[in-house]
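Asks: Kindly return the folded structure for what I paste below:
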Amino acid sequence: MDEGTDETVTAAQLEPGDVVTLPGISNRCRVQLARSAVPGVVWLYVVDAATGVRRRGHIALPLHQAVTRHGPAPAPRDPAPEDT
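Replies: Below you'll find the model as predicted:
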């Protein structure tokens with residue numbers, strides 16, 4: 001997928017590292033972990049794509065739920081160490 005490209009996929013197709021817009025969440029999120037602990041449902045553990053701050057708990061979506069996956073975005077970085 002090219003940078004700046006958006007595509008609609010199902011929740012079942014999400015993988016760690018994907019940057020997505022999820023229903024009910026205003027900011028883009030980066031998927032850290034996707035689990036199928038309950039049949040027909042995927043649990044997503046995500047961080048804010050811009051800040052890297054982890055959202056509490058998980059987000060449960062039906063496997064067939066449509067979400068928007070965005071092209072690659074740079075991962076949040078730690079500030080560069082200063083030379084002394």
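Asks: rest of the way, CA atoms for contacts and neighbours
Replies: Will do.
Asks: burial count for the closest residue to Asp6 other than its chain neighbours?
Replies: Spatial nearest neighbour of Asp6, chain neighbours left out: His70 (4.4 Å); criterion: CA to CA, 6 or more residues apart in numbering. Counted by other CA atoms under 10 Å, the residues lying close to His70 total 21.
Asks: Can you pull out the low-pLDDT segments for the chain?
Replies: By pLDDT under 70, the weakly predicted segments of the chain are 1-4, 72-84.
Asks: hmm, 90 instead?
Replies: Along the chain, segments meeting pLDDT under 90 span 1-6, 23-27, 36-38, 49-52, 55-57, 71-84.
Asks: re earlier: the residue nearest to Asp6 reaches Thr5, doesn't it?
Replies: Yes - at 5.9 Å, His70 counts as touching Thr5 under the criterion of CA atoms under 8 Å.
Asks: which residues pair with the residue nearest to Asp6 across the strands?
Replies: Counting by DSSP bridges, His70 forms beta bridges with Asp6, Val19.
Asks: Val46 too?
Replies: In this entry, Val46 is beta-bridged to Val31, by DSSP bridges.
Asks: isn't it right next to Gln32, touching?
Replies: Yes - at 5.2 Å, Val46 counts as touching Gln32 under the criterion of CA under 8 Å.
Asks: which of the two has more neighbours?
Replies: The neighbour comparison of Val46 against Gln32 (other CA under 10 Å) goes to Val46, with 26 against 15.
Asks: Between Val46 and Gln32, which contacts overlap?
Replies: Common contact partners of Val46 and Gln32 (CA atoms under 8 Å, 6 or more residues apart in numbering): none.
Asks: re the thing from before, how close does the residue nearest to Asp6 get to Ala37?
Replies: Going from His70 to Ala37 by CA to CA, to the nearest Å gives 25 Å.
Asks: And for Glu7?
Replies: Going from Glu7 to Ala37 by CA to CA gives 26 Å.
Asks: in stretch 7-21, what counts as buried?
Replies: The neighbour-count check on stretch 7-21 (16 or more other CA atoms under 10 Å) flags 11-12, 14, 17-21 as buried.
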